[in-house]
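Enquirer: Just a sequence and a predicted model for now, questions to come.
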Amino acid sequence: MRKTLRAVLAAVALCGMAMAANAPAPDFKLEKLGEGVWAAIGSDSGKAGANAGFVVGEDGVAVIDTFEDPGAAKDLLAEIRKITPMPVRFVVNTHYHLDHVNGNDVFAAAGATILAQRNVRAWMRTENLKWWGDKIKPEVKARVESLKLPDVVYDQGVDLYLGSRKIEVRSYPGHTGGDSIVYVQDAGVVFCGDLFWNRHIPNLIDATTKAWISTMDTLVGYGAGKFVPGHGEPGTALDMKAFQQYLVDLRAAVAQAQSAGTREDALVQAVLPQMQAKYNSWGYFKEFAKSNIQQTAEELAGTKRRPQPAESATSATPTVPYLPLKVRLGEKAPDFSLPATDGSMVRLSAFQGHPVLLDIYEGFW
Amino acid sequence: MMELGEFTKHYREFQAVHASILAISTDPMEEARWTKEKVGTPFPVLSDAKREVLTLYGTRSLSTFPSPDGGLYNHTTLIMVDRNGVIRWIYRNADYRVRATVADDLEHIKQLR
């Protein structure tokens, strides 16, 4: 990849083009995914730090994420300016991690309103300090603590209109507990932020892999032709399923090692070769594979630390959430038969003669 | 998971009144196994991955709420069936954070007798 880039630059230089006087090429590449829908793909080690994107509508532009570096954000704004003179009206932060929000001030200065899920505003200036621990430099700390926060927050999602062009922003659990996707229905494109890592090992520091696996089913259900990850190249539903499988494999391997009584370093050593056999070629394997195992072990053991969600109107006062029951007091309980964990089938009518308490849950225990 | 732990702790009291407990969730079998193992429930944990019982009984919730661990809370429904298979008590609460206590459950079982 880098070699190809160097070859292209060399060719340009040899042609003696006037480009030498211009600013260097941006630290990301633009890819057009549909009419007015662009992904900005950062490289794994570049200063952009992650992917971003933008959507051009009838009366303005919506930007998705703002990179890890304000310089890269300025380059993105410059690239948008080459494509359209319309104002950048909105920026959506897909989550709070620094590599997706550090250029917010660049777009705010250009007049954009910044939107994100409620927790992003609560976590941006605090949780982003943890990447450095105690060794954080004063200037870095000052930068994090003055990051441009979202101006507008939502709980579940919001629809944006660029003239008649509709953009759906929806929040889903899994990666941090405050992630959103941006769906451009008329182009069949979903910007997934870090809910999707294409052929890249994810950062699980704030993750709940169990919720994330179901979120992946929901996202694939959008039926989009293109899914833009937070890291890696734009992919298809197949790439989404491959990423979901990684989370499934990781959970299964960690759970198996835990049932065998393995803990901590020994657990990492037991699981790592299994993950290596299948996922060694994925980006960030060296960076994240080990911590993925440790953090999933903590999740399964119930000891994982995660950022505390912001209090919201929805979480403070739940509304009546039920569909009407199909059973009534005084009526016979409909009989059923379901598989138990020991492989047997359990039938309700078999308990005739004794009271039975049914504890019925939808979804996670 | 909170009821499962409570029911497990007080299982003897349920046994004393000859009551059985069936835990039902939409978790796939693999997750149900993991839950049973982790909580150590002495009673069966059933997997309703195809939502058959959920649909039959209509115990569907319209919404979920974010939980502090980043996952989702769902609504639980407790249904007490007497020795003749008749439904005698149903517990649901609009606030997912308010759950019936084991004492409530045992009291209702005793009233059945």
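Expert: Nice, I can see it.
Enquirer: Centroid-nearest residue for chain B?
Expert: Residue closest to the mean C-alpha point of chain B, counted by C-alpha atoms, centre = their mean, is residue B:23 at 4.9 Å.
Enquirer: In contact with that residue, which residues?
Expert: A:359, A:361, B:4, B:7, B:41, B:43-46 (C-beta atoms under 8 Å, 6 or more residues apart in numbering or on different chains). C-betas here are computed from N, CA, C, even on glycine.
Enquirer: Show me those residues that map onto helices.
Expert: B:4, B:7 (DSSP state H).
Enquirer: Residue A:47: which of the contacts of residue B:23 is nearest?
Expert: Of all the contacts of residue B:23, residue A:47 sits closest to residue A:361, with 46.3 Å by C-beta to C-beta.
Enquirer: In this structure the closest one contacts residue B:31, no?
Expert: No - counting by C-beta atoms under 8 Å, residue B:31 is not a contact partner of residue A:361; they are 11.4 Å apart.
Enquirer: which one of the contacts of residue B:23 is nearest residue A:153?
Expert: Proximity of the contacts of residue B:23 to residue A:153, judged by C-beta to C-beta, is greatest for residue A:361, which lies at 29.9 Å.
Enquirer: Contact partners for the closest one?
Expert: Shown in contact with residue A:361 (C-beta under 8 Å, 6+ apart): B:23-26, B:74, B:76.
Enquirer: Quick check: the two most widely separated of those?
Expert: Greatest spatial distance among these (C-beta to C-beta): B:23 and B:74, at 13.5 Å.
Enquirer: Please enumerate the strands of chain B.
Expert: B:20-25, B:45-47, B:65-66, B:72-73, B:76-81, B:87-91 (DSSP state E).
Enquirer: Tell me the buried residues in stretch A:58-78?
Expert: Neighbour-count burial for stretch A:58-78 flags A:60-77 (criterion: 16 or more other C-beta atoms under 10 Å in any protein chain shown).
Enquirer: Those: which ones sit near chain B?
Expert: Filtering the buried residues of stretch A:58-78 for proximity to chain B by C-beta under 8 Å from any C-beta of the partner chain leaves nothing.
Enquirer: Any stretches of chain B with poor pLDDT?
Expert: Applying pLDDT under 70 to chain B picks out residues B:1-2, B:61-75, B:93-103, B:112-113.
Enquirer: hmm, 90 instead?
Expert: B:1-10, B:13-14, B:16-18, B:25-28, B:30-32, B:34-39, B:48-52, B:54-55, B:58-78, B:88-113 (pLDDT under 90).
Enquirer: residue in the stretch 1-150 of chain A nearest to chain B?
Expert: Relative to chain B, the nearest point of the stretch 1-150 of chain A is residue A:119 (8.4 Å; C-beta to the nearest C-beta).
Enquirer: That residue falls within a helix, correct?
Expert: Yes - judged by DSSP: H, G, I helix; E, B strand; the rest coil, residue A:119 forms part of a helix.
Enquirer: From residue A:74, how far out is it?
Expert: When distance is defined by C-beta to C-beta, to the nearest Å, residue A:119 is 27 Å away from residue A:74.
Enquirer: do the same with residue A:34
Expert: Look at residue A:34 and residue A:74: by C-beta to C-beta, they are 25 Å apart.
Enquirer: so which of the strands of chain B comes closest to residue A:235?
Expert: strand B:72-73 (25.8 Å).
Enquirer: Just read off the phi/psi values of residue A:183.
Expert: phi -110, psi 120 (degrees, to the nearest 10).
Enquirer: what about the closest residue to it other than its chain neighbours, which helix or strand?
Expert: Once flanking residues are discounted, residue A:183 sits nearest to residue A:168: 4.3 Å by C-beta to C-beta, 6 or more residues apart in numbering or on different chains. Secondary-structure assignment from DSSP states H and E places residue A:168 in strand A:165-172.
Enquirer: Please identify the buried residues of stretch B:82-89?
Expert: Going by neighbour count (16+ other C-beta under 10 Å), the buried part of stretch B:82-89 is B:82-83, B:85, B:87-89.
Enquirer: repeat for stretch B:21-39
Expert: So stretch B:21-39, judged by 16+ other C-beta under 10 Å, has buried residues B:21-27, B:31-36, B:38-39.
Enquirer: of all those, which comes closest to residue A:223?
Expert: For the buried residues of stretch B:21-39, the nearest to residue A:223 is residue B:26 (23.0 Å; C-beta to C-beta).
Enquirer: Give me the distance between that closest one and residue A:360.
Expert: Distance from residue B:26 to residue A:360, by C-beta to C-beta: 9 Å.
Enquirer: ditto for residue A:84
Expert: Note on residue A:84: its distance to residue A:360, by C-beta to C-beta, is 53 Å.
Enquirer: can you check residue A:307 too?
Expert: 31 Å.
Enquirer: One more: residue A:153?
Expert: Using C-beta to C-beta, residue A:153 is found at 34 Å from residue A:360.
Enquirer: about what we covered before: who's in contact with the residue of the stretch 1-150 of chain A closest to chain B?
Expert: By C-beta under 8 Å, 6+ apart, the neighbours of residue A:119 are A:96, A:176-178, A:307, A:309-310.
Enquirer: will you turn those residues into CSV that also has secondary structure and pLDDT?
Expert: What follows is these, written out as CSV (DSSP: H, G, I helix; E, B strand; the rest coil; pLDDT from 0 to 100):
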residue, secondary structure, pLDDT
A:96, coil, 98
A:176, coil, 96
A:177, coil, 93
A:178, coil, 95
A:307, coil, 89
A:309, coil, 83
A:310, coil, 81
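Enquirer: So which of the residues you listed would count as near chain B as well?
Expert: A:176-177, A:309.
Enquirer: For ChimeraX, write the select line for the buried members of the residues you listed.
Expert: Remark: buried members of those, expressed as a ChimeraX selection using 16+ other C-beta under 10 Å:
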select /A:176,177,309
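Enquirer: on that earlier part again, who has more neighbours, residue A:84 and residue A:360?
Expert: Using other C-beta atoms under 10 Å in any protein chain shown as the criterion, residue A:84 and residue A:360 rank with residue A:360 on top: 21 against 14.
Enquirer: Just to check, the more buried one is in contact with residue B:55?
Expert: No - using C-beta under 8 Å, residue A:360 is not in contact with residue B:55; the gap is 11.3 Å.
Enquirer: so after the helix or strand residue A:182 falls within, what's the next helix or strand?
Expert: In the assignment (DSSP H and E), residue A:182 maps to strand A:179-184. Next helix or strand after strand A:179-184 toward the C-terminus (DSSP H and E): strand A:189-191.
Enquirer: pLDDT (mean, whole number) over that next one?
Expert: Throughout strand A:189-191, pLDDT has a mean value of 98.
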